[in-house]
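# model this:
(chains A and B)
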Amino acid sequence: MREYSKLEQRLLNEFQQGMPLTATPYADIAKQLGVYETTVLETLKRLQTEGVVSRVGAVFRPNRIGASTLAAMAVPAAELEDVAAIVNGFDEVNHNYEREHHFNLWFVVVASDEDHLEQVLAEIEDRCGYPVLDLPLLNEHFIDLGFDLKWT
Amino acid sequence: MDMRKDSSFENALIEVISQGLPLVSHPYAAIAEQLDCDEIQVIEGINRIMMRGDMKRFGVVVRHRKLGYRANGMVVWDIPDARVTEIGHCIGQYSFVTLCYQRPRRLPEWPYNLFSMIHGQDRDAVIEQVDFIVRQCGLHDINHEILFSNRCFKQRGASYARKHDLNLPERVLNE
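Take a look at the predicted model:
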């Protein structure tokens, strides 16, 4: 990890929310930081190229639009890569992670509606040959203010 | 056609702003051009979507892993149902907790009903944060496990909309 300038640190930490809804939001951010608009744009482009910034955009709550769930499977270690590849083959699956647990494969399924979601989960069980734990969101206990980065 | 009241317009707008604003001086005008409407309709549309409370945040989306936060622990807790809201709020208040969700138990194999995500620079940092939560929220008697992430097999955008409705590229959502 390289060193980040003060400007980069502030852009990464202080603007994870509250993107201005004005004609020139980057100019507004630049004003707050006391720099030129072009500096803000160039810095964000560089951070995006490096992969540190995924995008400047909106993050939505799960389950508000369409239907989604967190699913888990317990797969023998020797088969994990093959089963993960089958799961990856579904367009409705976005995140798919190995975690250190008896339930070792964790993935998020997003579908257009509940029926579609149920159908995809059944198909995944069928094709992988292991039961799927379906763990949909019930409640969110949390205020997302972005992630407070520590610069040490 | 009056695009402002058209829900397919809002869906298209959700797709575009999830994918990310263009890094240009007038990003909302650029989006307006893409969606064949006026800049003000884009700004008002985003504002309307925000007011509905569907959006968690709107700004710079950072990839923690790239900034040295390499350890990711999903901490799962088995909390008595009557206390889950109270304890969920306690756990969810800390800035190092990036998600705190209640999900159903699936007995007998899955007893946990609260899921919290903790990012740290290494495993010890995550374990330390969990210990801190246990102390601060008084969870000594609550069963929990930390599931560290290992290999990532897939991480890409969820497309909420059916692709044929929109004809827009997929984008990253909700990481």
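
# so how many other residues sit close to residue B:77?
By other C-beta atoms under 10 Å in any protein chain shown, the residues close to residue B:77 number 25. Using the backbone N, CA and C atoms, a C-beta is placed for each residue, glycine as well.

# I'd guess it is in a helix, am I close?
No - read with DSSP: H, G, I helix; E, B strand; the rest coil, residue B:77 is strand and lies in no helix.

# Please read off the pLDDT at it from the model.
As predicted, residue B:77 sits at a pLDDT of 98.

# any idea how far it lies from residue A:13?
Distance of residue B:77 to residue A:13, computed by C-beta to C-beta, to the nearest Å: 28 Å.

# biggest helix in chain B by residues?
What stands out as the longest helix in chain B, according to DSSP state H, is helix B:123-137.

# Other residues contacting the helix or strand following that helix?
Sequence-wise, the next helix or strand downstream of helix B:123-137 (DSSP states H and E) is strand B:143-154. Applying C-beta atoms under 8 Å, 6 or more residues apart in numbering or on different chains, the contact partners of strand B:143-154 are A:84-85, A:87-88, A:93-101, A:103, A:105-107, B:71-78, B:111-112, B:123, B:126-127, B:130, B:134.

# And for stretch B:20-39?
Contact with stretch B:20-39 is made by A:19, A:21, A:23-27, A:37, A:41, A:44-45, A:48, A:54-57, B:3, B:9, B:12-13, B:16-17, B:41-43, B:46, B:61, B:171, as judged by C-beta under 8 Å, 6+ apart.

# need the contact list for residue 90.
Just going to use chain A. So residue A:90 contacts A:109, A:120, A:123, A:124 (C-beta under 8 Å, 6+ apart).

# looking at chain B here, not the other one
When the contact criterion is C-beta under 8 Å, 6+ apart, the partners of residue B:90 are B:133, B:136, B:137.

# Report the contact partners of the second one.
Each residue near residue B:136 by C-beta under 8 Å, 6+ apart is listed here: B:90, B:94.

# Tell me which residue lies nearest the centroid of chain A.
residue A:95 (7.7 Å; C-alpha atoms, centre = their mean).

# all helices for the chain, in order.
In the absence of a named chain, this looks at chain A. Assigned by DSSP H, chain A shows helices spanning A:6-14, A:25-33, A:37-50, A:80-88, A:114-128.

# should've been chain B
Counting by DSSP H, the helices of chain B are B:7-19, B:27-35, B:39-51, B:84-92, B:123-137, B:163-166.

# Pick out the shakiest of those helices, pLDDT-wise.
Confidence, taken as mean pLDDT, is least for helix B:163-166 of the helices of chain B (a mean of 34).

# mind putting the helices of chain B in a markdown table, distance to residue B:107 included?
Output for those, formatted as a markdown table (distance: least, C-beta to C-beta, whole Å):
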| stretch | distance to residue B:107 |
| --- | --- |
| helix B:7-19 | 36 |
| helix B:27-35 | 47 |
| helix B:39-51 | 38 |
| helix B:84-92 | 16 |
| helix B:123-137 | 24 |
| helix B:163-166 | 38 |
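
# still on that earlier bit, need the pLDDT of the nearest residue to the residue nearest to the centre of chain A once chain neighbours are set aside.
Distances taken as C-beta to C-beta, 6 or more residues apart in numbering or on different chains place residue A:108 nearest to residue A:95, at 4.5 Å, with adjacent residues excluded. Turning to residue A:108, the model gives it a pLDDT of 93.
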